[in-house]
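Trainee: Provided below are the primary sequence and the corresponding predicted coordinates.
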Amino acid sequence: MSGRGEVLVAIINNRQDFVIAERKNWYRVPVKSAAKRLKGRWPPQWIAFYLTKKFGSEAHSVRYYAKIIEIRQVCRWQLFPREQRNEDSDKQYFQLFFNPLQKLPQPILSRRWRRIVFIPTTWQKFINAVELNDLYDDSPLENRLWAQLKRHNIPAERQFYMKVKRQHYALDFAIFCDKANIDVETDGDSYHANPEKSKQDNKRNNALEAVGWKVLRFNTLQIQEEMESYCIPKIVETINNQGGVEESKLVPRKIDLNVDGGYQLGLFDEFSGD
């Protein structure tokens, strides 16, 4: 199994939905959400669940998964026939039926509270993930940078959602520091060839910087050929200028590239010794 989107990591934020998943073995995905957020990665073969703060000691983790056996398109009233009819009754959903839930030997933990909806990923990434950030499968450039951040023990959050004045932004990598947080973006080749995209990202940068974020952008060439000579040193320089990374309740930590103490790389993390 090697296709993208084999596994759908979905959020469960209330006990009722978990009871349905555990006892009735189904989960619902809005058809509009699948079209918008899961384009090209549908249908999944497996489903796994990220549990929110409602779940106490199991919160902010992925612990349960199952093999999908059937997918139907239905209306909300078919899912909840006892629910009083309203304007949402005809809303369209995919109803995913699956085998009984299995529990992972080790949970996939989130190091920080964060907002997620769906994470489509591969089976290999899923079974080898140590933390939530290992699951993301959006971009080879992001995967390459993520492997190097882990190697150098630089904690970051992938696909971190920020809200600034009613506008939501998805940050490729968010690094939380003592003085100011850092947004690290990986720009593909099409970035500089698209004036409208550059204009939008300029407004985005300004909005983030206005509320105290530092923004770093690296293009394809830099990530592929200048990772160790430019990208990582620039990230480290910015972190240290902002007082070091914040980790739990510990004193902020500055990064020393001469000290070997990185995260353990996963089996399928891309590694570059450039």
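Mentor: That came in fine, so what should we check first? Just so you know, these numbers come straight off a predicted model, no measurement behind them.
Trainee: from what I can see K254 touches G244, true?
Mentor: Yes: counting by Cβ atoms under 8 Å, K254 does reach G244; the two are 4.1 Å apart. Bear in mind the C-beta positions are built from the backbone N, C-alpha and C, glycine included.
Trainee: Dig out what V29 forms beta bridges with.
Mentor: In this entry, V29 is beta-bridged to F94, by DSSP bridges.
Trainee: Would you mind confirming that it is in contact with Q92?
Mentor: No: shown here, V29 and Q92 do not form a contact pair, counting by Cβ under 8 Å, at 10.2 Å.
Trainee: Among those two, which residue is more densely surrounded?
Mentor: A side-by-side neighbour count of V29 and Q92, using other Cβ atoms under 10 Å, places V29 first with 22 against 12.
Trainee: in the longest strand along the chain, what's buried?
Mentor: Secondary structure of the chain per DSSP state E: the longest strand is strand 61-75. By neighbour count on 16 or more other Cβ atoms under 10 Å, the buried set for strand 61-75 is 61-66, 68, 71.
Trainee: Kindly report the same for stretch 203-221.
Mentor: Neighbour-count burial for stretch 203-221 [16+ other Cβ under 10 Å]: 204-205, 207-208, 213-216, 218-220.
Trainee: In strands only, show me those residues.
Mentor: 214-216, 218-219.
Trainee: From those, pick the one nearest P120.
Mentor: F218 (24.2 Å; Cβ to Cβ).
Trainee: beta partners for the closest one?
Mentor: T186.
Trainee: ok, so what distance separates it from H60?
Mentor: Distance check for F218 against H60: by Cβ to Cβ, to the nearest Å, it reads 29 Å.
Trainee: For this protein, give the helix that spans the most residues.
Mentor: helix 195-210 (DSSP state H).
Trainee: Dump the C-alpha coordinates for that one into CSV.
Mentor: In CSV, the C-alpha atoms belonging to helix 195-210 read as follows (Å, rounded to 0.1, in the frame of the first residue of the first chain):
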residue,chain,number,x,y,z
PRO,A,195,1.7,37.2,-9.3
GLU,A,196,-1.8,36.8,-7.8
LYS,A,197,-0.5,34.2,-5.3
SER,A,198,2.4,36.4,-4.4
LYS,A,199,0.0,39.3,-3.8
GLN,A,200,-2.2,37.1,-1.5
ASP,A,201,0.8,35.8,0.4
ASN,A,202,2.2,39.3,0.9
LYS,A,203,-1.1,40.3,2.6
ARG,A,204,-0.9,37.1,4.6
ASN,A,205,2.6,37.9,5.7
ASN,A,206,1.7,41.4,6.7
ALA,A,207,-1.3,40.1,8.7
LEU,A,208,0.8,37.6,10.6
GLU,A,209,3.6,40.0,11.2
ALA,A,210,1.2,42.6,12.5
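Trainee: by contact count, what packs against that helix?
Mentor: Using 3 or more Cβ pairs under 8 Å, 6 or more residues apart in numbering; DSSP states H and E, the elements in contact with helix 195-210 are strand 157-164, strand 167-175, strand 214-219.
Trainee: In CSV, list those strands along with distance to A147.
Mentor: CSV is the format used below for the helices and strands packed on helix 195-210 (distance: least, Cβ to Cβ, whole Å):
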stretch, distance to A147
strand 157-164, 12
strand 167-175, 12
strand 214-219, 14
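Trainee: among those, which is nearest A21?
Mentor: In terms of Cβ to Cβ, the element of the helices and strands packed on helix 195-210 nearest to A21 is strand 157-164, at 23.5 Å.
Trainee: Parallel or antiparallel, which strands does that closest one pair with?
Mentor: strand 167-175 (antiparallel).
Trainee: now the angle from the strand it pairs with to helix 195-210?
Mentor: 70 degrees (axes from the mean of the first three to the mean of the last three Cα atoms, to 10 degrees).
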